[in-house]
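Visitor: take this sequence and fold it.
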Amino acid sequence: MSAKYIIGGILGSFAVAYTCDYFLADKKIFGGTTPKTVSNKEWWEETDKKFQAWPRTAGPPVVMNPISRQNFIVKPRSE
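Guide: Below you'll find the predicted structure:
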């Protein structure tokens, strides 16, 4: 019984989100234009070539959380 309300609510929220996205982003009801870097296909192709270039000139891979990756050596206490 409550499943129909849950499914209906989810479908309704998707419909509202799609409608808002369509009118705000595609129809631009508040004005504005699409940036040239998005609408220009040549610019997009050159950017893609740059990102796909090999070899990449960067440093070594970075560990996101270096503290959790360290191997701590616990030495016994000498008394």
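Visitor: contacts only, for residue 36.
Guide: For residue 36, the residues meeting the contact criterion (C-beta atoms under 8 Å, 6 or more residues apart in numbering) are residue 43. C-betas here are computed from N, CA, C, even on glycine.
Visitor: make 37 the starting number, not 1.
Guide: Okay, residue one is now 37; in that scheme the one you just asked about reads as residue 72.
Visitor: next one, pLDDT for it please.
Guide: Predicted confidence (pLDDT) at residue 72: the value is 83.
Visitor: roughly how far apart are it and residue 86?
Guide: As defined by C-beta to C-beta, to the nearest Å, residue 72 lies at a distance of 17 Å from residue 86.
Visitor: please identify the helix or strand for residue 65.
Guide: Residue 65 is located outside every helix and strand, with elements delineated by DSSP states H and E.
Visitor: ok, so what distance separates it from residue 48?
Guide: Using C-beta to C-beta, we find residue 65 at a distance of 21 Å from residue 48.
Visitor: now swap in residue 76 and tell me
Guide: With C-beta to C-beta as the criterion, residue 76 and residue 48 are 37 Å apart.
Visitor: okay, these two: which has more neighbours?
Guide: Between residue 76 and residue 48, counted using other C-beta atoms under 10 Å, the more crowded position is residue 76 (13 against 10).
Visitor: contacting residues for the more buried one?
Guide: Here residue 76 is in contact with no residue (C-beta under 8 Å, 6+ apart).
Visitor: can you pull the pLDDT of it?
Guide: pLDDT for residue 76: 87.
Visitor: now do the one 4 residues further on
Guide: Residue 80 is assigned a predicted lDDT (pLDDT) of 84.
Visitor: in terms of helices and strands, where is it?
Guide: Here residue 80 is covered by helix 77-88, with elements defined by DSSP H and E.
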